[in-house]
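Q: All I have is the shape, not the residue letters:
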């Protein structure tokens, strides 16, 4: 009975919270409110459709949560195996969640997976409180980092991206600002450890987390980053893919339809790759032809090139002319050696036969 009441309370609290949300002007459009495409390495903007328009990031802002936490880990101020105590505030969060309980503890790493894969709002609050002591303190860190990066049109008011409660303000950003954030995350290989996962278990397999980023499955080379949605904000995504040494970032914000958002993000990624040539790479595993003039051996004592090797080189150069097209050197020389052995064996047998005949007739 107690468990039933507790479950009922958990279900009702999110509804009560949403009922107390402040009204936010809807900005979602068809096909989207804004979109940009950038080359991750150079930062060059390849496509810019209303990139400075103010939008609501929704859960996409959890990318800033991830950046702040990864930087704390790099600085040695936080450990992945550090245990995080779930707070009552975290357990009461609505929206996407992993249903944290105040009696539970989880590692920072487990909660990072929950944050990125499940887009868990309760995990966002638990991590923020653990790292900074409170949500407000963590939000201050988020805004400070945004300004340091040059995200001049971004203001964070939450750690999760949900619609604001009464008396609170809505999170705002732009596609151009999110491109800056995405590029910073792309510099960290560990980012993709969390953003490339499609399915992962939580709480020892009791809960299965599934990503909302369908591009991970449907777009070649896609390994991040994050989606976001609430009604007024529309459907948003910051996506990235890497091919042939080139990483492209595609950002689509404020779409009225999820499938349209995904289709446009995919289309823009392909457009970005078409605009940036693949990086030139050496053919690993293919042996380059060595010039005979540079493959001589030098005597260690005198520093002079061995005349014998020069003679061998000359012979090799002559033999090279006779090598049939499509036949490898190994096969060619093996044939020569086999021929010599056969010739020697036949010559030996013939000479031996002649010797026997000579002996018989000489008697």
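A: That came through fine. Since we're looking at a predicted model, the values are computed, not measured.
Q: Around residue 48, count how many other residues there are.
A: Neighbour count of residue 48, defined by other C-beta atoms under 10 Å: 15. For the C-beta atoms, the positions are set from N, CA and C on the backbone; glycine is no exception.
Q: isn't it right up against residue 36?
A: Yes: at 5.2 Å, residue 48 counts as touching residue 36 under the criterion of C-beta atoms under 8 Å.
Q: Between the two, which contacts overlap?
A: Counting by C-beta atoms under 8 Å, 6 or more residues apart in numbering, the contacts common to residue 48 and residue 36 are 175-176.
Q: If residue 235 is in a bridge, with which residues?
A: The partner list for residue 235 in beta bridges (DSSP bridges) reads residue 229, residue 255.
Q: got a pLDDT number for it?
A: pLDDT for residue 235: 98.
Q: now residue 239
A: 98.
Q: Next: residue 258.
A: Confidence at residue 258, expressed as pLDDT, is 98.
Q: and it, how many neighbours?
A: Residues contacting residue 258 under the criterion other C-beta under 10 Å number 16.
Q: quick one: it and residue 77, what's the gap?
A: Noted for residue 258: a distance of 37 Å to residue 77, by C-beta to C-beta, to the nearest Å.
Q: Could you do residue 23 as well?
A: For residue 23, the distance to residue 77 - C-beta to C-beta - is 39 Å.
Q: Equivalent analysis for residue 91, please.
A: Applying C-beta to C-beta, the value for residue 91 to residue 77 is 25 Å.
Q: neighbour count winner among these two?
A: With neighbours defined as other C-beta under 10 Å, residue 91 and residue 77 compare such that residue 91 has more, 19 against 9.
Q: Now do the same contact list for the more buried one.
A: By C-beta under 8 Å, 6+ apart, the contact set of residue 91 is 10, 100-102, 122.
Q: let's see 6 Å
A: Contact analysis of residue 91 by C-beta atoms under 6 Å, 6 or more residues apart in numbering lists 100-102.
Q: what does residue 60 give?
A: Counting by C-beta under 6 Å, 6+ apart, residue 60 has contacts 226, 228, 236, 238.
Q: do you know how far the residue nearest to residue 71 when sequence neighbours are not counted is from residue 166?
A: Leaving aside its chain neighbours, residue 71 sits nearest to residue 145 (7.8 Å; criterion: C-beta to C-beta, 6 or more residues apart in numbering). From residue 145 across to residue 166, the span is 28 Å (C-beta to C-beta).
Q: Of those two, give the one with the bigger neighbour count.
A: A direct count of neighbours by other C-beta under 10 Å for residue 145 and residue 166 places residue 145 higher, at 18 against 9.
Q: Show me what the helix or strand harbouring the more buried one is packed against.
A: Following DSSP states H and E, the helix or strand that holds residue 145 is helix 135-149. Counting contacts by 3 or more C-beta pairs under 6 Å, 6 or more residues apart in numbering; DSSP states H and E, helix 135-149 is packed against helix 62-74, helix 121-132.
Q: out of those helices, deepest packed?
A: Ranked by mean neighbour count under mean count of other C-beta atoms under 10 Å, those are led by helix 121-132, which reaches a mean of 25.
Q: Now do it: which elements does it pack against?
A: helix 88-91, helix 108-113, helix 135-149.
Q: Now render those as TSV, adding mean pLDDT and distance to residue 57.
A: Formatted as TSV, these follow (pLDDT from 0 to 100; distance: least, C-beta to C-beta, whole Å):
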stretch	mean pLDDT	distance to residue 57
helix 88-91	97	20
helix 108-113	98	19
helix 135-149	98	11
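Q: Highest mean neighbour count out of those helices?
A: Of all the helices and strands packed on helix 121-132, helix 108-113 has the most neighbours on average by mean count of other C-beta under 10 Å, namely a mean of 20.
Q: What helices and strands are in contact with that helix?
A: Using 3+ C-beta pairs under 6 Å, 6+ apart: helix 108-113 touches helix 121-132.
Q: got the contact list for the helix it packs on?
A: 65, 84, 86-87, 89-90, 93, 95, 97, 100, 111, 114-115, 135, 138, 141, 159-160.
Q: cutoff 8 Å now
A: Identification of contacts with helix 121-132 by C-beta under 8 Å, 6+ apart yields 59, 62, 65, 68-69, 72, 78, 82, 84-87, 89-91, 93-100, 106, 108, 111-112, 114-115, 134-135, 138-141, 159-160, 162.
Q: how far is it from where the chain is centred?
A: What separates the centre of helix 121-132 from the centre of its chain is 24 Å, taken as C-alpha atoms, centre = their mean, to the nearest Å.
Q: is it possible to export the helices and strands packed on helix 135-149 to CSV including distance to residue 248?
A: Listed next are the helices and strands packed on helix 135-149 as CSV, based on distance: least, C-beta to C-beta, whole Å:
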stretch, distance to residue 248
helix 62-74, 17
helix 121-132, 27
